[in-house]
Structure formats: structure tokens, C-alpha cells
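Colleague: I'd like to go over a predicted model; first the sequence, then the structure.
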Amino acid sequence: MRRSFASADARTLTWLRAVAAITMTTPLVLHTSAVDVPEAAAAAAMQKFLSRSIVAHDYRASRRLEASGSGHRAWLDVETDFTRTTGLRYEVIAEGGSGYIRSRVLRSLLDEEQRLIARGGQALVAVSTDNYQFRPEGINQEGLAVVEMHPLRKDRSLIAGRIFLTPADGDLVRVEGRLAKNPSFWTRRVDVIRSYRRINGVLMPVSLETTGQLRLLGSSALRMTYRYSHIDERPVAEYP
């Protein structure tokens, strides 16, 4: 099995680069012009979201990363620190499970996220009219406004799917979809769910879940959750 893992290095790393692009901790930025919309409530929620100025926020947070594949599992507990001047820094404080997955998947994912932020990769993955077309669909059974997003190019860092907004104030609740392009020949598809919530008055990501189908190796899964202690140097009160 060790040999099987080693032979999968290239396909795993291309998957990681795609996933790292969607772990970028700055909020999603949506900018668009007037859109012909079929549903007034969804359109209103979208316009509220679009009207806000979105900026990156400094933060300190603990993250829990878990991954599994080919019958193996691993996890990391990490302290992270992000500022607009220094970028992302992290320190592993606890870990367990497969050493291969820890080094080649979880640590590599954090390293790739660092590199993307350092070279200003946010613009390449932003949910904006530079990268997507948008079409509001309506209100779903959860009571959330649903907006379809269609990538303008086949890129392994873009998502074909939907965003979900609160109708009352246009807050981003969730992004769901599939990577617009398979990260490699060895990965047939990667599905993504990313959740957000307002903390200290700021909209921040709180979880990321991905599943990928790897040829010959079966299904691989990754989950990352965030627990913030400070946002813009302000302590964060306890939250569920």
C-alpha cells in the first residue's frame, strides 16, 4: 500500500493545488452589472451582497484538517495567522494517522495555500464576473436565495455550482459545486461544499468539505474546519 501511495504523488498534488485555491481565507468577492433575473427575491438578496465592499480580514484561527483515501486516514490540528502584510502562517500543534497523508496531503495543502496567497492568487479564484456568469434561481426549501454560477473558462480552481444567500440581508451562507476542470487525468471529479458565517460582524469561512474520485485509488475526502480567536485584532466571543 505504501508503494501505491507513492505512485499517486503527482495526481494527489494536482488535486491539492485545486483544493488549495478554494481554501483561500479571504471572503468571496462578487461584482456584476445588471442581470436579467427570473426571481425577484433571489435577485434582491444577490444585489444586497453585491453592494458591499469586500476586503480581506486579518485573523487568528485554529483549524482541524482531516483526510482519508485508500483505507487510510489522518488529521492535523493547526494554529493559523493571516494578515494582509505577512500572508498566511501556520503551526501544527497536534497530528495523527497516516504519515503519508499528513505530509503529502494535509501539510502540502497548507503550503499550497500559503503560496497562492503570497503570489496574489485571489483574483484568479474570486467569484466575480471576470471568472463567472451568474443567474439567480429562486428561494430553496431552506429559505435561502440560490444563485447559479457558471465558470467562464475550464479551470481547476473554479467551481461550477451555486451560492446560497440569506434573503433578508444577502449574507453568503454556502458555496456548493464541482471543480470546473478535473485536476488531473487521475481525478475524475472533485465536489466542494464551503460554508460561511458572520463572526464579530465579519463574514468568514467556517468549513470546507471536498470529495474526489481518484482512478485506481477510489474515493478521497478532505474536511477542514475553522475556529477563530481574533478577527482584525479583536477577540472573538464563543460561538457554536
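Modeller: Good, I have the coordinates. Residues are numbered from 1 along each chain as shown.
Colleague: run a quick neighbour tally on residue 138.
Modeller: For residue 138, the neighbour count with other CB atoms under 10 Å is 15. Placement of C-beta: from N, CA and C, glycine included.
Colleague: residue contacts, the residue lying closest to it once chain neighbours are set aside?
Modeller: The shortest distance from residue 138 to any non-neighbouring residue, by CB to CB, 6 or more residues apart in numbering, is to residue 39 (4.1 Å). Contact analysis of residue 39 by CB atoms under 8 Å, 6 or more residues apart in numbering lists 136-139, 145.
Colleague: buried among these? Need that as a selection in ChimeraX.
Modeller: Selection command for ChimeraX covering only the buried members of those, criterion 16 or more other CB atoms under 10 Å:
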select :136,139,145
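Colleague: which two among the contacts of residue 39 are spaced furthest apart?
Modeller: Within the contacts of residue 39, 136 and 139 form the most distant pair, 9.8 Å apart (CB to CB).
Colleague: quick one: buried residues of stretch 70-78?
Modeller: 70, 72, 74-76, 78.
Colleague: just flag the most distant two among these.
Modeller: Maximum distance among the buried residues of stretch 70-78 (CB to CB): 23.3 Å, for 70 and 78.
Colleague: residue 102: neighbour count?
Modeller: Using other CB under 10 Å, residue 102 has 19 neighbouring residues.
Colleague: ends of stretch 167-176, what's the gap?
Modeller: In terms of CA to CA, to the nearest Å, the two terminal residues of stretch 167-176 are separated by 18 Å.
Colleague: buried stuff in it?
Modeller: Along stretch 167-176, these residues count as buried under the neighbour rule (16+ other CB under 10 Å): 167, 170-176.
Colleague: got the contact list for residue 148?
Modeller: Residue 148 sits next to 134-137, 161-162 when contact means CB under 8 Å, 6+ apart.
Colleague: what pLDDT, on average, does stretch 111-123 get?
Modeller: When pLDDT is averaged over stretch 111-123, the result is 81.
Colleague: go on, stretch 139-152?
Modeller: Averaged across stretch 139-152, pLDDT comes to 92.
Colleague: may I see the buried residues of that stretch?
Modeller: Residues of stretch 139-152 classed as buried by neighbour count (16+ other CB under 10 Å): 139, 144-149, 151.
Colleague: likewise for stretch 46-64?
Modeller: For stretch 46-64, burial by neighbour count (16+ other CB under 10 Å) applies to 46, 48-50, 54, 57, 59-61, 63.
Colleague: please apply the same query to stretch 150-169.
Modeller: Of the residues in stretch 150-169, 151, 155-167 count as buried by neighbour count, 16+ other CB under 10 Å.
Colleague: for the residues you listed, which two are the farthest from each other?
Modeller: With distance counted by CB to CB, no two of the buried residues of stretch 150-169 lie farther apart than 156 and 167, which are 32.2 Å apart.
Colleague: pLDDT score for the closest residue to residue 142 other than its chain neighbours?
Modeller: In space, not counting the residues next to it along the chain, residue 142 is nearest to residue 164; the distance is 7.5 Å by CB to CB, 6+ apart. At residue 164, the predicted lDDT confidence score is 95.
Colleague: OK, contacts around residue 164?
Modeller: Residues in contact with residue 164, defined by CB under 8 Å, 6+ apart, are 140, 142, 144-147, 172-176.
Colleague: partners of it in the sheet?
Modeller: Per DSSP bridges, residues listed as beta-bridge partners of residue 164: residue 146, residue 174.
Colleague: how far away is it from residue 42?
Modeller: In this structure, residue 164 and residue 42 are 10 Å apart, going by CB to CB, to the nearest Å.
Colleague: now do residue 235
Modeller: As judged by CB to CB, residue 235 and residue 42 stand 36 Å apart.
Colleague: more neighbours: which of the two?
Modeller: A count of neighbours by other CB under 10 Å puts residue 42 above the other of residue 235 and residue 42, at 23 against 10.
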